[in-house]
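**Q** Can you look at this prediction? I've put the sequence above it.
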Amino acid sequence: MPAYKLTYFNGRGSAEIVRLAFAAGGIEYEDVRLERDQWPDLKPNTPMGQVPILEVDGTMLCQSNSIARYVAKQAGLAGKTPLEQARVDMIMDGMEEMGRKGYAAYFEKNEDIKAERTKEYEETFLPQFFTFLNKLVGDSGHFVGNELTLADITFFNMATLVGTWMKLPDVDEFSGLKKVMEHVTSNPGLAKWLKERPETPF
Amino acid sequence: MPAYKLTYFNGRGTAEIVRLVFAAAGISYEDVRLEQDKWPELKPKTPMGQVPILEVDGTMLCQSNSIARYVAKQAGLAGKTPMEQARVDMVMDVMDDMGKKGNAVFWEKDEETKAEKKKEYEETFLPQFFTCVNKLVGDSGHFVGDELTLADITYFNTTNLVGNYFKLPNMEEFSGLKKVTEHVTSNPGIAKWLKERPETPF
């Protein structure tokens, strides 16, 4: 098994999906959390001047979703066939859009625009988006197939992250999404990580 | 071979990466271009209320990069090993960041802010970005391995689309990226498509 070294700041942020994939996959890794003053030295040595990065087999990977997908593949959590993999990817991309849109609203500097975007996001976009997503959950309570995949984990992660900035719709009203959440939080590796992970501001 | 049906508006936009991959792969598909008045009826039937969608094997896929990756896999253009695939994915995500940043500038409503952001994007972001991305190109003139992959095609497509609205840096200065562009545009399937594709406003 190659040694995995994940580097990010001391927070959940865009690295958390990778940590969750490692936890669900039962794969060990070095979870490096940079102090702010260490970042300027490392930055030019990264592929795109960003973290998270994953070092494995003498290579450096960047881009959290790409890293997460790579880790998930090692543990069979990325979908079993090309079509399943495409459906996992599609959910990840959809959640990424939800996250970006929420981020753009939350971190908007102009207070008037922020209030407008937040209202639209919470009252229009999120309910519609959750309605679409809910229909994508199978009878198994998973987005893809009959087992946990990165799609389920990504929904959980992004929804909980966005939920720290924005008012989410009530997941209880979306029976499919509720089942996904239950599957994710009851996965032994994930439950352990969720209990033990450091408390951080982001 | 399953039948592939791609549906989008009549333009390049987010569907073009999928069309380019089909072209490079030499895979036939139905290229459906919606009239705007047909969209309201289709929208609720799509997975996330968006296009492009790909219908294959009785399933509907959405999210352009996920669709493109799925098609690329059918033709061996998605990377040969999990590590190569991660590197292809990473380049796709990186180019997506570039495209989305440009998109945010394009759709900025306030004229002054837009002009400011456009200047920053063209004069600061893009030169730094392309400098980083250029370093990711291998001696082979490809981003990953020795052959064309979705990484090369994505680089070409996003840069091409962004260049329609924004002033790109002098791309001659980026010898790696220049080689990638040459590889993409000289691929027979892609060259044919570039010549024959409809001229559209977007």
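**A** In hand now; what should we look at?
**Q** Give me the below-cutoff pLDDT ranges for the chain.
**A** Here I'm looking at chain A. Within chain A, the set of residues satisfying pLDDT under 70 comprises A:1-2.
**Q** Hmm, no, I was thinking of chain B.
**A** Applying pLDDT under 70 to chain B flags residues B:1-2.
**Q** Tell me the residues on it that lie near chain A, please.
**A** B:47-49, B:56-57, B:59, B:61-63, B:65-67, B:69-70, B:73-74, B:82-83, B:85-87, B:89-90, B:92-94, B:100, B:104, B:128, B:132-133, B:135-136 (Cβ under 8 Å from any Cβ of the partner chain). Yep, even glycine has a C-beta here, placed from its N, CA and C like the rest.
**Q** try 6 Å this time
**A** B:47-49, B:61-63, B:66, B:70, B:73, B:82, B:86, B:89-90, B:93-94, B:132 (Cβ under 6 Å from any Cβ of the partner chain).
**Q** Let's see which of these end up in strands.
**A** Using DSSP state E, the subset of the residues of chain B next to chain A located in strands is B:61-62.
**Q** Go ahead and build a PyMOL selection from the buried members of the residues of chain B next to chain A.
**A** Restricted to buried positions by 16 or more other Cβ atoms under 10 Å in any protein chain shown, the PyMOL selection for these reads:
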select buried, chain B and resi 47+48+61+62+63+66+70+73+86+89+90+93+94+132
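**Q** Which members of the residues of chain B next to chain A are the farthest-apart pair?
**A** B:49 and B:132 (34.1 Å; Cβ to Cβ).
**Q** And what about residue A:8, helix, strand or coil?
**A** Under DSSP: H, G, I helix; E, B strand; the rest coil, residue A:8 falls in the strand class.
**Q** Look at the residue nearest to it when sequence neighbours are not counted and tell me its secondary structure.
**A** Excluding the flanking residues, the one nearest residue A:8 by Cβ to Cβ, 6 or more residues apart in numbering or on different chains is residue A:15, at 3.6 Å. Here residue A:15 is helix, with the state taken from three-state DSSP.
**Q** And for residue A:15, the neighbour number?
**A** When neighbours are counted by other Cβ atoms under 10 Å in any protein chain shown, residue A:15 registers 24.
**Q** Would you mind confirming that it makes contact with residue A:52?
**A** Yes: counting by Cβ atoms under 6 Å, residue A:15 touches residue A:52, with 4.0 Å between them.
**Q** which residues are common contacts for those two?
**A** residue A:8 (Cβ atoms under 6 Å, 6 or more residues apart in numbering or on different chains).
**Q** So which elements touch whichever helix in chain B runs longest?
**A** When chain B is parsed with DSSP state H, its longest helix is helix B:82-106. Helices and strands touching helix B:82-106, by 3 or more Cβ pairs under 6 Å, 6 or more residues apart in numbering or on different chains; DSSP states H and E, are strand A:59-62, helix A:64-74, helix B:150-162.
**Q** now it against helix B:150-162, angle please.
**A** Here helix B:82-106 runs at an angle of 10 degrees relative to helix B:150-162 (axes from the mean of the first three to the mean of the last three Cα atoms, to 10 degrees).
**Q** got the contact list for helix B:82-106?
**A** Identification of contacts with helix B:82-106 by Cβ under 6 Å, 6+ apart yields A:48, A:61-63, A:66, A:70, A:73, B:65, B:78-79, B:117-118, B:121, B:129, B:143-145, B:149-151, B:154-155, B:158, B:162, B:166.
**Q** how about a cut-off of 7 Å?
**A** A:48, A:57, A:59, A:61-63, A:65-66, A:69-70, A:73, B:65, B:78-79, B:114, B:117-118, B:121, B:125, B:129, B:133, B:136, B:143-145, B:149-151, B:154-155, B:158, B:161-162, B:165-166 (Cβ atoms under 7 Å, 6 or more residues apart in numbering or on different chains).
**Q** what separates the helix or strand just after it from the chain centre, distance-wise?
**A** For helix B:82-106, the following helix or strand on the C-terminal side (DSSP states H and E) is helix B:111-120. In terms of Cα atoms, centre = their mean, to the nearest Å, the centre of helix B:111-120 is set 25 Å apart from its chain centre.
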